[in-house]
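Novice: Task: produce atomic coordinates for the following.
(one chain, ligands or ions: 1)
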Amino acid sequence: MKLTAPHHPFPADAEDRRAVAPVICYPVDTLPPPDLALYARAREGMEKIGEVLVPPREARMFDAPAGTFFRIISVDGPQVGDLNLWNKHDLSERFYAGKTRALHGTHLSTGDRMWSSFPTLRPMATITDDTLDWYGFDDFGGSVHDVIGTRCDPYTAMLLSGAPYHQCCHSNLARALATQTGRDAREIEAHVHDVLNVFMCTGFTRDTQQYFMKATPVRPGDYLEFFAEIDLTGGLSACPGGACDDKHSSDTAPCHPLLVEMYRPVNDALAGWSSPPVNGYDRSHGV
Ligand SMILES: [Zn+2]
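Specialist: Predicted coordinates:
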């Protein structure tokens, strides 16, 4: 947070310097665009192949093979979900929220991609449908499905409240990943990473630019849909914040389950399609 009373005087040209127009850091017009027409054809008549119900204040794992779709669906009541993605065959390739934010902005919707960590930096998933796409940005600067909020975690909760809380999304994901891999939660938690905050409504306050949340506009039946670009293992936590309209990192907020449904295209709708290759940089770093 910036000082409200700066320690240093304004230079004579302060306003001129502030008036310089911004430029986009990472213009995406050179990125190969996702073939949304192909995905639209692949969605037609797709058949459901599985589902996973994520209980409140818990996380569950699911698989989404390359070329399939998965949906995160609101059931029972307004609920926020924290999503992690890994390459099913290599946990070190995982969703990179920071670079996704730099490329696509603070909140994701249809046509945006979830990029993987270095050195692969490739699309792991593409968002193919979003029933909350009507929301846009509200008068507070808030929107849904952010890549700015990291995930609720017991370390920050301990810092701010002095009390342990084990049902944070970080710990929920760590327990789910520990169960799936048979490894200790303390060891496996290093693979838990910054999330896509599915359905969460967030932004930065206009005056202090602090991270805020407000009640999610999601309602039962709403969903966010993804196309798996590579073989994925996903982890989804039903956040202890529930609708994230008041508190998180406690048992006080009403919470609801989230449903993950998996679908596969029928016929040869994806003929000619293949997973994106890993990033082309040779990793020599100028040495
Ligand atoms: Zn959470």
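Novice: I'd like to know how many residues surround the one residue in the stretch 1-150 of the chain that gets nearest to the ion.
Specialist: Here the stretch 1-150 of the chain gets closest to the ion at one residue, D82, 4.9 Å apart by C-beta to the ion. C-beta here means a position set from N, CA and C on the backbone, and glycine is covered the same way. D82 has 29 neighbouring residues, counting by other C-beta atoms under 10 Å.
Novice: now swap in the one 4 residues further on and tell me
Specialist: Residues contacting W86 under the criterion other C-beta under 10 Å number 25.
Novice: Can you spell out which helices and strands pack onto the one helix or strand it maps to?
Specialist: Assigned by DSSP states H and E, W86 belongs to strand 81-87. Applying 3 or more C-beta pairs under 8 Å, 6 or more residues apart in numbering; DSSP states H and E, one finds that strand 81-87 makes contact with strand 90-94, strand 123-130, helix 169-181, strand 196-204, strand 232-238.
Novice: so how far is the longest one from its chain's centroid?
Specialist: The reference is to helix 169-181. Mean-position distance between helix 169-181 and its chain equals 17 Å (C-alpha atoms, centre = their mean, to the nearest Å).
Novice: who does the helix or strand following it touch, helix- and strand-wise?
Specialist: Using DSSP H and E, the next helix or strand after helix 169-181 towards the C-terminus is helix 185-188. Packed against helix 185-188 by the contact rule (3+ C-beta pairs under 8 Å, 6+ apart) you find helix 169-181.
Novice: could you say what helices and strands the helix it packs on packs with?
Specialist: Looks like helix 169-181 contacts strand 59-64, strand 81-87, helix 154-161, helix 185-188, strand 232-238 (3+ C-beta pairs under 8 Å, 6+ apart).
Novice: Buried residues in it, which are they?
Specialist: 169-178 (16 or more other C-beta atoms under 10 Å).
Novice: Would you mind listing the two of those residues that lie farthest apart?
Specialist: C169 and A178 (14.6 Å; C-beta to C-beta).
Novice: circling back: the helices and strands packed on strand 81-87: which one's closest to D29?
Specialist: Here strand 123-130 is closest among those (C-beta to C-beta), at 16.2 Å.
Novice: Report the inter-axis angle for the strand holding W86 versus strand 232-238.
Specialist: 160 degrees (axes from the mean of the first three to the mean of the last three C-alpha atoms, to 10 degrees).
Novice: quick one, strand 81-87 and helix 169-181 angle?
Specialist: 40 degrees.
Novice: Give me the mean pLDDT for strand 81-87.
Specialist: For strand 81-87, mean pLDDT is 98.
Novice: please renumber so the chain begins at 55
Specialist: Okay, residue one is now 55; in that scheme the one you just asked about reads as strand 135-141.
Novice: CA atoms of it as CSV?
Specialist: Provided in CSV are the C-alpha atoms of strand 135-141 (Å, rounded to 0.1, in the frame of the first residue of the first chain):
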residue,chain,number,x,y,z
GLY,A,135,-13.9,-22.9,-5.9
ASP,A,136,-10.1,-22.9,-5.9
LEU,A,137,-8.7,-24.7,-8.9
ASN,A,138,-5.2,-26.2,-9.4
LEU,A,139,-4.1,-28.0,-12.6
TRP,A,140,-1.1,-30.3,-13.1
ASN,A,141,0.2,-32.3,-16.0
